[in-house]
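1. Fold the following and give me the result.
(one chain, ligands or ions: 1)
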Amino acid sequence: MKRLMFLALAVTAATTVFAAENDWKMFDRRLGMFIHWGCYSVGEWHCQELWRRNLSRADYEKRFAPNFNAAKFNADEFVAVAKSAGAEYIVFTSKHHDGFCMWDTKTTDYKITNTPTKRDVIKELAEACRRGGIRLGFYYSNPDWHCSFSNNPKSSHQLPMQPGDKPDMEKYIAYVKAQVTELLSNYGDICCWFWDIPTNIDRPEMDELVRRLQPGIMINDRGWGNKKTADYSTPERDYAWAGGNKYIECCDATGVQSWGYRRNEDYHTHGYFTRNIDSYLATGANYLLNVGPKPDGTIPDEAKAIMAKVGSWMARVRESYRGVENAPELVGKVTHGEKRTITRRGKTLYVHFPKGIEADGLSLAPIKDLPKKAVLLNTGRELSCEVTDFPWSSKPGSAAETYLHVRGIPADDLANECVVIRLEY
Ligand code: GLC
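-> Numbering: from 1, shown residues only. As a prediction, this is how the structure comes out:
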């Protein structure tokens, strides 16, 4: 009897694990890897070089795509870099503003298979993602600087009119639909669709098409008048938190100056990324971290190193984002310029410091109870704890208030990494 009960339990547990896998939801405090790669990488300057440097379309298209030879591209390596960071999905630029298509489309000749690269890199990436157990989503730019009929005066990021241009929005919408249809029919399950640059034209049929082709897909709100009907918002770099009841995915790049590959790029610090990632994941959002591969198809060493370092930190603190809820009532008043977020799973609390930690010990008021154990997730070391009265919580003539005091944090050593502490009750 006892044995049967044990088995029954085991079966339930197995089913639960399986269901959880099937129920994978994109928004669950996850990290994703953004990839900005296109023929603009040939310029090694910025993904919007055509527009920002006032080049002509004819000149750009003569110099960039014909020299795009990604002979060293290996899709499994992209997946490995994502995994090294602890990312669970990849969002890939299928078409950026320059209109160059990274798949073997039938809608235009301006595509990767017509360059010296000659390969459908999206097909290879989709297969590598499936092999590696990483979900795939697509970024798609609404502005299209290649297309002679795409000009949209209601939108930003438009190329000045080029010789022979004849704007025709209905024709462009049909073109976009054909491209969306290819991308969402031919490359397996796609977890998200990232429209870029809102068109300010209301076309609910665009999101309807995306959802019809990929039921369950998540769509961001930079689309065709979909601000209120999309699934998620995508605040960018240091943009303020985009609140509301939608899902949030913040995006930022390893490089400071460009999303696409840039030769003399400035790279952000480990402290910057871990603190930013934590500030989103700990408050319920996702975070998308971008790399810009080189024209030869390899990811720059600096970006790879950043991803691996982020991944080593993620592996140590990830439990503080899994299956947790927020406990703002336990944060209290925070002093010394610190910011604190608390997540909890059952009787375990996680204290996050997304703006850094400014001392080697701290009072965790309003928490009054002594945990069984306090662990600094960054190092795995146990921290010493007491419940005590503090000078600031003791007033002459009244009984002192006592609170949890945690000590022995190697704050200076961790100045360049977001600190997370686990309190076990
Ligand atoms: C902005 C930029 C674009 C970039 C995107 C990433 O919209 O214009 O180049 O791809 O942000 O979110």
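2. Residue 94 is in what secondary structure piece?
-> strand 89-95 (DSSP states H and E).
3. what about that strand and the ligand, touching?
-> No - shown here: strand 89-95 not in contact with the ligand (CB under 6 Å from any ligand atom), separated by at least 6.8 Å. All C-beta spots, glycine's among them, are computed from the backbone N, C-alpha and C.
4. how far is that strand from where the chain is centred?
-> Strand 89-95 sits 11 Å away from the centroid of its parent chain (CA atoms, centre = their mean, to the nearest Å).
5. and what of stretch 294-302?
-> 19 Å.
6. Tell me the spacing between the residue nearest to residue 379 when sequence neighbours are not counted and residue 377.
-> Excluding the flanking residues, the one nearest residue 379 by CB to CB, 6 or more residues apart in numbering is residue 410, at 7.1 Å. Separation of residue 410 from residue 377 (CB to CB, to the nearest Å): 13 Å.
7. in this protein, what spans have low per-residue confidence?
-> The chain contains residues with pLDDT under 70 at 1-22, 238-245.
8. Can you show me the helices along it?
-> 2-22, 49-52, 57-63, 75-84, 121-132, 169-185, 204-213, 270-281, 301-317 (DSSP state H).
9. which one of the ones you listed lies closest to the ligand?
-> Nearest to the ligand among the helices of the chain is helix 49-52; the distance by CB to the nearest ligand atom comes to 9.4 Å.
10. what's around the nearest residue to residue 181 once chain neighbours are set aside, how many residues?
-> Leaving aside its sequence neighbours, residue 181 sits nearest to residue 213 (CB to CB, 6+ apart; 6.6 Å). If you count neighbours by other CB atoms under 10 Å, residue 213 ends up with 16.
11. quick one on the thing from earlier: going by contacts, tell me the helices and strands next to the strand holding residue 94.
-> Applying 3 or more CB pairs under 8 Å, 6 or more residues apart in numbering; DSSP states H and E, one finds that strand 89-95 contacts strand 31-35, helix 75-84, helix 121-132, strand 135-141, helix 169-185, strand 192-196.
12. will you turn the helices of the chain into a markdown table that also has distance to residue 262?
-> Compiled in a markdown table, the helices of the chain are given as follows (distance: least, CB to CB, whole Å):
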| stretch | distance to residue 262 |
| --- | --- |
| helix 2-22 | 38 |
| helix 49-52 | 10 |
| helix 57-63 | 17 |
| helix 75-84 | 18 |
| helix 121-132 | 20 |
| helix 169-185 | 26 |
| helix 204-213 | 31 |
| helix 270-281 | 17 |
| helix 301-317 | 11 |
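13. can you redo those helices as CSV with distance to the ligand?
-> As requested, these are exported to CSV (distance: least, CB to the nearest ligand atom, whole Å):
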stretch, distance to the ligand
helix 2-22, 29
helix 49-52, 9
helix 57-63, 15
helix 75-84, 17
helix 121-132, 17
helix 169-185, 16
helix 204-213, 17
helix 270-281, 15
helix 301-317, 16
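14. how far away is the residue nearest to residue 379 from residue 364?
-> Counting by CB to CB, the gap from residue 410 to residue 364 is 18 Å.
15. and if you look at residue 34?
-> In terms of CB to CB, residue 34 sits 35 Å off from residue 364.
16. the more surrounded of these two?
-> Taking other CB under 10 Å, residue 34 and residue 364 do not tie; residue 34 has more neighbours (27 against 24).
17. Could you verify my assumption that that one touches residue 290?
-> Yes - in this structure, residue 34 is within contact of residue 290 by CB atoms under 8 Å, at 3.7 Å.
18. Overlap of the contact sets of the two?
-> Counting by CB atoms under 8 Å, 6 or more residues apart in numbering, the common neighbours of residue 34 and residue 290 are 251, 253, 259.
19. top of those by neighbour count?
-> Neighbour count (other CB under 10 Å) singles out residue 259 as the most crowded of the shared contacts of residue 34 and residue 290, with 26 neighbours.
20. can you pull out the strands in the stretch 301-425 of the chain?
-> With DSSP state E, counting those that start in this stretch applied, the stretch 301-425 of the chain shows strands at 325-326, 341-345, 348-353, 362-363, 373-376, 381-389, 402-407, 419-424, listed in chain order.
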